[in-house]
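Visitor: Sequence and predicted model, in that order:
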Amino acid sequence: MLWLAFGPFHAMENQVLVIRIKIPNSGAVDWTVHSGPQLLFRDVLDVIGQVLPEATTTAFEYEDEDGDRITVRSDEEMEAMLSYYYSTVMEQQVNGQLIEPLQIFPRACKPPGERNIHGLKVNTRAGPSQHGSPAVPDSLPSNSLKKSSAELKKILANGQMNEQDIRYRDTLGHGNGGTVYKAYHVPSGKILAVKVILLDITLELQKQIMSELEILYKCDSSYIIGFYGAFFVENRISICTEFMDGGSLDVYRKIPEHVLGRIAIAVVKGLTYLWSLKILHRDVKPSNMLVNTRGQVKLCDFGVSTQLVNSIAKTYVGTNAYMAPERISGEQYGIHSDVWSLGISFMELALGRFPYPQIQKNQGSLMPLQLLQCIVDEGHPFIMQFNDGNATVVSMWVCRALEERRNQQGPP
């Protein structure tokens, strides 16, 4: 037969492949693929991610002829699975049997506190250095950082990710003591965003770095940027996260309302998730809201985040331009401070400019005292301007809903 001479991949090259993704306790989803032999492991994980958006899946399984589960974690194992399946299909065709879909079973995800996304691993050892610098500089952990240092070591104890495997491409931005690059991870073929931070910095910034790693490691939400791992090289720490090809919202200027509304939903869900973990973001602003060409919206940059239960409301951590009045005044604050920053951010995105016309916002630098006084003491004209802007829309919706209810109830 043809498949014996050329192999099952050649024989099935034009055959439509149906992959049945089994969902625990929820049935299954069928996925039709028109180029099965060219299918890659990453393609399957991407589709599983769409089927199970709230989960983190790094592998999946299929059953062999004996009913045993075989795990797929790479393109090579993917090829072996397809070869086995196509051989089974050919036998079913020869015997006149009904062709069954290829059933796969997403691997159960690790708890958020133990996960390591996409198999990217972490190396605590420094890269080669003629000075023989230690992996963790003496200046990083201090007595006041014992808890954070212990948590960091737990994060960085999972594998072998190092700078030799990273190919830096473009500079994406600067901030919070470091520079963010677009990079390529050679072993996995994954595009990353890598934030490189010099550790010869203030103790406060060191705490922010610890906080960022801890929070990224804990978070497991489709509205929070994915954390892949970290590694040390001499006095630099590199934090590897998911790359969002659309960049941050601050570069888009004015965003149409129907688009901005959907973006707002995603951002609020991301913040709500953080708050559910008793975490304040503390640096909500358009440049920390990332988008990609798949339409996803995710929050990033938790370098100034901390546990809500341990936070002190009299700090000036964050970006002054978006600070809530109570933060600027040194009063206690909470979730409502993130909400203020969220509101200022979305007013800026809706207007296409910073919402306080008295101040010309100079992005990339600290705001002058004039801005702080403006936010605390002066009026907020944009609130009056838009306080009833949606009244007509809401009125039409209420009238339509009432009419539909009356029609359903029938005549009195």
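Guide: Yes, it's here. Numbers count the residues shown, from 1 in each chain.
Visitor: contacts, neighbours, all on C-alpha from now
Guide: Noted.
Visitor: In the record's domain split, what are the boundaries for this structure?
Guide: 2-109, 117-242, 247-386 (automatic domain parsing).
Visitor: looking at these, which has the lowest confidence?
Guide: Ranked by mean pLDDT, these bottom out at domain 117-242, with a mean of 63.
Visitor: can you give me the helices in the stretch 51-200 of the chain?
Guide: For the stretch 51-200 of the chain, the helices defined by DSSP state H, counting those that start in this stretch cover 75-94, 146-155.
Visitor: again, but for the stretch 251-400 of the chain
Guide: 257-276, 325-328, 335-351, 369-377, 381-385, 391-409.
Visitor: Would you indicate which residues of the third one are buried?
Guide: Which is helix 335-351. 335, 337-339, 341-350 (16 or more other C-alpha atoms under 10 Å).
Visitor: go on, stretch 95-102?
Guide: So, applying 16+ other C-alpha under 10 Å, buried residues of stretch 95-102: Pro101, Leu102.
Visitor: Can you show me the CA trace of that stretch as PDB?
Guide: Extracted C-alpha coordinates of stretch 95-102, given in PDB (Å, rounded to 0.1, in the frame of the first residue of the first chain):
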ATOM      1  CA  ASN A  95     -10.900  -2.300   7.400                       C
ATOM      2  CA  GLY A  96     -13.800  -0.100   6.400                       C
ATOM      3  CA  GLN A  97     -14.000   1.300   9.900                       C
ATOM      4  CA  LEU A  98     -15.200   4.800  10.900                       C
ATOM      5  CA  ILE A  99     -12.200   7.200  11.300                       C
ATOM      6  CA  GLU A 100     -12.000   8.500  14.900                       C
ATOM      7  CA  PRO A 101     -10.600  12.000  15.700                       C
ATOM      8  CA  LEU A 102      -7.200  12.200  17.300                       C
END
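Visitor: what residues does that stretch touch?
Guide: Leu17, Val18, Ile19, Arg20, Tyr62, Tyr85, Val89, Gln92, Gln93 (C-alpha atoms under 8 Å, 6 or more residues apart in numbering).
Visitor: hmm, 7 Å instead?
Guide: The contact list for stretch 95-102 (C-alpha atoms under 7 Å, 6 or more residues apart in numbering) reads Val18, Ile19, Arg20, Tyr85, Val89, Gln92.
Visitor: Got a quick ChimeraX command for the buried subset of the residues you listed?
Guide: Of the contacts of stretch 95-102, the buried ones go into a single ChimeraX selection, burial set by 16+ other C-alpha under 10 Å:
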select :18,19,20,85,89
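Visitor: Quick check: Phe59 touching Arg73?
Guide: Small correction: residue 59 is Ala, not Phe. Yes: the pair Ala59 and Arg73 qualifies as a contact (C-alpha atoms under 7 Å) at a distance of 5.1 Å.
Visitor: what about these two, which has more around it?
Guide: Higher neighbour count among Ala59 and Arg73: Ala59, with 21 against 17, using other C-alpha atoms under 10 Å.
Visitor: Which stretches in the stretch 201-350 of the chain count as strands?
Guide: 227-233, 236-242, 247-248, 279-280, 289-291, 297-299, 306-307 (DSSP state E, counting those that start in this stretch).
Visitor: could those be laid out in a markdown table, adding mean neighbour count and distance to Leu52?
Guide: Output for these, formatted as a markdown table (neighbours: other C-alpha atoms under 10 Å; distance: least, C-alpha to C-alpha, whole Å):
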| stretch | mean neighbour count | distance to Leu52 |
| --- | --- | --- |
| strand 227-233 | 25 | 18 |
| strand 236-242 | 22 | 18 |
| strand 247-248 | 19 | 24 |
| strand 279-280 | 24 | 25 |
| strand 289-291 | 22 | 19 |
| strand 297-299 | 25 | 17 |
| strand 306-307 | 20 | 28 |
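Visitor: can you list these in a markdown table and add distance to Cys219?
Guide: Shown next, in a markdown table, are the strands of the stretch 201-350 of the chain (distance: least, C-alpha to C-alpha, whole Å):
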| stretch | distance to Cys219 |
| --- | --- |
| strand 227-233 | 8 |
| strand 236-242 | 12 |
| strand 247-248 | 20 |
| strand 279-280 | 10 |
| strand 289-291 | 16 |
| strand 297-299 | 11 |
| strand 306-307 | 13 |
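Visitor: Nearest approach to Arg327 belongs to which of these?
Guide: strand 279-280 (13.0 Å; C-alpha to C-alpha).
Visitor: just to revisit the earlier point, can you check which of the strands of the stretch 201-350 of the chain gets nearest to Tyr181?
Guide: strand 236-242 (9.5 Å).
Visitor: tilt between that closest one and strand 227-233?
Guide: Strand 236-242 and strand 227-233 meet at an angle of 160 degrees, taking axes from the mean of the first three to the mean of the last three C-alpha atoms, to 10 degrees as the criterion.
Visitor: Can you dump the C-alpha atoms of strand 236-242 in CSV for me?
Guide: Extracted C-alpha coordinates of strand 236-242, given in CSV (Å, rounded to 0.1, in the frame of the first residue of the first chain):
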residue,chain,number,x,y,z
ARG,A,236,22.3,42.0,36.4
ILE,A,237,19.0,40.2,36.8
SER,A,238,17.0,39.4,33.7
ILE,A,239,13.3,38.7,34.0
CYS,A,240,11.7,36.9,31.1
THR,A,241,8.0,37.4,30.4
GLU,A,242,5.5,37.0,27.6
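Visitor: That strand pairs with which strands?
Guide: Each strand paired with strand 236-242, and its direction, by DSSP bridges: strand 190-198 (antiparallel), strand 227-233 (antiparallel).
Visitor: What's the local residue count around the closest residue in space to Lys195 that isn't next to it in sequence?
Guide: Excluding its sequence neighbours, the residue lying closest to Lys195 (C-alpha to C-alpha, 6 or more residues apart in numbering) is Val180, at 4.2 Å. Applying other C-alpha under 10 Å, we find 19 residues neighbouring Val180.
Visitor: ditto for Arg294
Guide: 9.
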